[in-house]
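Asker: missing the sequence, but the structure's below:
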């Protein structure tokens, strides 16, 4: 291998995850140790994914990285933390082997190229998928197999949860060195096959406060955040695990909404206050509560991260009807055909009772588009070499 | 007196108050006992007031009440609680006197007529001024002089704070019967003569959730509200008292904003969540923080009650400039002349640096109008009989 002139290339994909018990606030900025545990659903990579190719070659002069078609500074501390940790594990593993099969391999420079199949502007947690993909790809490249969520966490806290499929908890841990701050699957995606996820991409006027800066200010200034982390989240983690294990949508949905609201409440309790929800977000919340009130049960549930986009959970049987309700409340402006992406949605006729219950002034264009997806698996190795993002020269094949 | 055919009429006015440490949540619904103490600034009655006339006559067949020109049901429990308590105190006082000067006076029926000089739609706490005025007027009519804030509290919790001028705290009390849940002046309005108050009336799309229903849901569902009441407010009450006593605008303003934000955070933590701030409210918050950041000090502070309207505190020297900034960010639509009401505002030329610092897309019509006022005195007796709202026949003189 060390004699080849072509670089060795590995390509993997990794998923986005959506927290239903939110992570907000670090107790250690450098190691990215959170002030509370969190829990998420891994989304299917058929709809949303990051793809990363990593290559090593004796010909490479330096470590380099391209993100979404643009070369970025590889010396960024979080990138360096991931690279350093993977190489350290690789060295450790190597030194444990009898024969040194590739003595110089570890000293080669690496080229990394990564892209998302969704616009960063969609406000989805692209850094989680991105760092999960980076760490998984490097781990395959270097043959490392140990606890990778700890390394992904060093890139972006929530990235550790994207290392597993299905339903994943990130246990905050207690140790100062972060060795016990790890992600853990609580159920695979096959556990709840009826669960569906709608990503509602909302038009935003302003760029919101970034989550790294935002959560730091919250930790420093919000008295409510501290209470949430210490006194509210521990019970909610247990309750959410139970709701998922029992596939109890009523409890899952209620708790998901309550925890999203509480996260945004702590943002508002931050000083100066941070607002991620806009008038369209609030309208979506209103639509969800009206829809559920009409049925007298929790059929749909919302959650919002650090931006105005909504993520809606519901069961398969509710998708067609709720999408139809959304179309009524937020008529697509021009892009009628591009309004729905992902899993197919069937036509449905809304009952007059439901239409009356949902009667509100429509907001054309309030939702740009909807991605319909479902829980999905962990990061994957891409076998087909034609899908590598790096060419035989070790450079990006194309700019996306 | 009992021989006259003309009714005896008393007319009083009472002020609006704006809480800087917010009241939200009752521990006893009937007695209106709060879960935390609160603190407010009484606004001047030159700009905002309730006026009430109350009359007794042997000719009246029944108790009656007119509010803002419309007869209302006097059997409403909170009205009845106020009437009953005042009559009880009057009876007690009478029985302590040697001579029964007006033996049948207390058995006469009462007519009450009340109006506000500001639109209820302005979303100001009209019930606080209204109940304070009712209780004060009845107290004068019946010659009652004891602790009236306790009775006003039975009408509307925050009404107890409108019984005093200047800076007023409502001590939550500990007793089950509410005898120690009283308002208390901490400083008269003359204590801080430079303080100014701007009421920014914002266009609202929907009628918000009423505060009585809202706070009940919050008490039942928000884990953060409980923590706020028990662990956050007690220290804030002390700090706010100190800031006011020392006329320390920096601390007063910061704490006012933080407490407003925390109140709205607990509304968001309520389930289903309650939203009182809209996109214009959030934009006003943004303008205030930018303005303060430009000066590197807290020159203006916002607070929001159960609606989208902002109340701004600042010192006299800041009024002209900040109003000018508001005009730039929220250009008045058609009512240029009606945009400013109350105390006079002088013209000012904004510096280029300030204009740059405040650079944001203008929102025409976002603010309907601004009322400029200042802290003011307690309820007042109106001596001029031509200002009575009830005529010699005991009926409302006019519908407003």
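Answerer: That came through, no problem. Bear in mind the structure is a predicted one, so any value in this text is a computation, not a measurement. Numbers count the residues shown, from 1 in each chain, chains lettered A, B, ... in the order given.
Asker: near chain B, which residues of chain A?
Answerer: Neighbours of chain B within chain A, by CB under 8 Å from any CB of the partner chain: A:223-224, A:227-228, A:231-232, A:254, A:257-258, A:261-262, A:264-266, A:268-273, A:275, A:278-279, A:282, A:285, A:289. Placement of C-beta: from N, CA and C, glycine included.
Asker: those residues, buried ones only, as a ChimeraX selection?
Answerer: Entered in ChimeraX, the line below selects the buried ones among these, by 16 or more other CB atoms under 10 Å in any protein chain shown:
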select /A:223,224,227,228,232,254,257,258,261,262,264,265,266,268,269,270,271,272,273,275,278,279,282,285,289
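Asker: next step: the residues of chain A next to chain B restricted to helices.
Answerer: Taking DSSP state H as the definition of helices, these contribute A:223-224, A:227, A:254, A:257-258, A:261-262, A:264-266, A:268, A:279, A:282, A:285, A:289.
Asker: could you check how far the lowest-mean-pLDDT helix or strand in chain A is from the centre of its chain?
Answerer: Across the helices and strands of chain A, mean confidence by mean pLDDT, DSSP states H and E is lowest for helix A:77-96: a mean of 89. Chain-centre distance of helix A:77-96: 24 Å, with CA atoms, centre = their mean, to the nearest Å.
Asker: what is that helix packed up against?
Answerer: Applying 3 or more CB pairs under 8 Å, 6 or more residues apart in numbering or on different chains; DSSP states H and E, one finds that helix A:77-96 contacts helix A:126-142, helix A:149-155.
Asker: 10 Å - rerun?
Answerer: Packing partners of helix A:77-96 (3 or more CB pairs under 10 Å, 6 or more residues apart in numbering or on different chains; DSSP states H and E): strand A:64-67, strand A:109-116, helix A:126-142, helix A:149-155.
Asker: now that helix against strand A:109-116, angle please.
Answerer: Orientation check (axes from the mean of the first three to the mean of the last three CA atoms, to 10 degrees): helix A:77-96 against strand A:109-116 gives 130 degrees.
Asker: which parts of stretch A:372-386 are buried?
Answerer: A:372, A:373, A:374, A:375, A:376, A:377, A:378, A:379, A:380, A:382.
Asker: repeat that for stretch A:40-49.
Answerer: Using 16+ other CB under 10 Å as the test for burial, stretch A:40-49 gives A:40, A:41, A:42, A:43, A:44, A:45, A:47, A:48, A:49.
Asker: from residue A:388, how far off is the second one?
Answerer: It refers to residue A:41. Distance, residue A:41 to residue A:388, by CB to CB, to the nearest Å: 29 Å.
Asker: how about the third one?
Answerer: When distances are taken as CB to CB, residue A:42 and residue A:388 turn out to be 24 Å apart.
Asker: cool, the fourth one as well?
Answerer: As defined by CB to CB, residue A:43 lies at a distance of 24 Å from residue A:388.
Asker: on contacts alone, who are the packing partners of the helix or strand harbouring residue A:355?
Answerer: For residue A:355, the host element (DSSP states H and E) is helix A:352-357. In terms of contacts (3+ CB pairs under 10 Å, 6+ apart), helix A:352-357 is packed against helix A:279-295, helix A:316-329.
Asker: surely residue A:55 is within a helix?
Answerer: No - judged by DSSP: H, G, I helix; E, B strand; the rest coil, residue A:55 forms no part of a helix; its state is strand.
Asker: so it sits right up against residue A:10, yeah?
Answerer: Yes - the pair residue A:55 / residue A:10 is scored as a contact, 7.6 Å apart, by CB atoms under 10 Å.
Asker: hey, what's residue A:54 bridged with?
Answerer: For residue A:54, the beta-bridge partners under DSSP bridges are residue A:10, residue A:112.
Asker: surely it touches residue A:87?
Answerer: No - with contact defined as CB under 10 Å, residue A:54 and residue A:87 do not form a contacting pair (11.9 Å).
Asker: neighbour-wise, which of the two wins?
Answerer: Set side by side, residue A:54 and residue A:87 show more neighbours around residue A:54, with 30 against 16, by other CB atoms under 10 Å in any protein chain shown.
Asker: now the more buried one: how far from chain B?
Answerer: Residue A:54 is 42 Å from chain B, where distance means CB to the nearest CB, to the nearest Å.
Asker: mind listing what that residue touches?
Answerer: By CB atoms under 10 Å, 6 or more residues apart in numbering or on different chains, the residues touching residue A:54 are A:7-12, A:65, A:83, A:86, A:110-114, A:133-134, A:136-142, A:388-390.
Asker: what pLDDT does it get?
Answerer: pLDDT recorded at residue A:54 is 97.
Asker: OK, contacts around residue A:53?
Answerer: Contacts for residue A:53 (CB under 10 Å, 6+ apart) come out as A:7, A:9-12, A:66, A:111-115, A:133, A:137, A:141, A:382, A:385, A:387-391, A:394, A:396-397.
Asker: which among those end up buried?
Answerer: Counted by 16+ other CB under 10 Å, those give A:7, A:9-12, A:66, A:111-115, A:133, A:137, A:141, A:382, A:388-391, A:394, A:396 as buried.
Asker: what sits against the nearest residue in space to residue A:174 that is not next to it in sequence?
Answerer: In this structure, residue A:174 finds its nearest non-sequential neighbour in residue A:180, 6.2 Å apart by CB to CB, 6 or more residues apart in numbering or on different chains. By CB under 10 Å, 6+ apart, the contact set of residue A:180 is A:33, A:150, A:171, A:172, A:173, A:174.
Asker: as JSON lines, the residues you listed with pLDDT would be great.
Answerer: JSON lines is the format used below for these (pLDDT from 0 to 100):
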{"residue": "A:33", "pLDDT": "97"}
{"residue": "A:150", "pLDDT": "94"}
{"residue": "A:171", "pLDDT": "98"}
{"residue": "A:172", "pLDDT": "97"}
{"residue": "A:173", "pLDDT": "96"}
{"residue": "A:174", "pLDDT": "96"}
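Asker: returning to what we had before: which of the residues in the helix holding residue A:355 are buried?
Answerer: Neighbour counts using 16+ other CB under 10 Å place A:354, A:357 of helix A:352-357 among the buried residues.
Asker: remind me which residues of chain A are low pLDDT?
Answerer: Residues of chain A that meet the criterion pLDDT under 70 lie in A:1-5, A:96-104, A:120-125, A:204-207, A:335-336, A:399-400.
Asker: let's see 90
Answerer: A:1-7, A:68-69, A:91-107, A:117-127, A:145-147, A:203-212, A:333-338, A:359-361, A:398-400 (pLDDT under 90).
Asker: walk me through the domains of it.
Answerer: What automatic domain parsing lists as the domains of chain A is A:8-189+A:380-387, A:195-373.
Asker: of all these, which one is nearest residue B:238?
Answerer: domain A:195-373 (14.9 Å; CB to CB).
Asker: with adjacent residues omitted, what lies nearest to residue A:81?
Answerer: Per CB to CB, 6+ apart, closest to residue A:81 is residue A:154, 4.2 Å.
Asker: can you check residue A:90 too?
Answerer: residue A:142 is the one closest to residue A:90 (CB to CB, 6+ apart), at 3.8 Å.
Asker: what is the burial count for that neighbour?
Answerer: Per other CB under 10 Å, the neighbour tally for residue A:142 reads 22.
Asker: same deal with residue A:306?
Answerer: The number of residues packed near residue A:306 is 21, by other CB under 10 Å.
Asker: hang on, residue A:280 packs against residue A:326?
Answerer: No - with contact defined as CB under 10 Å, residue A:280 does not count as touching residue A:326 (11.3 Å).
Asker: got any residues that touch both of those two?
Answerer: Residues touching both residue A:280 and residue A:326 (CB under 10 Å, 6+ apart) are A:200, A:310, A:366, A:367.
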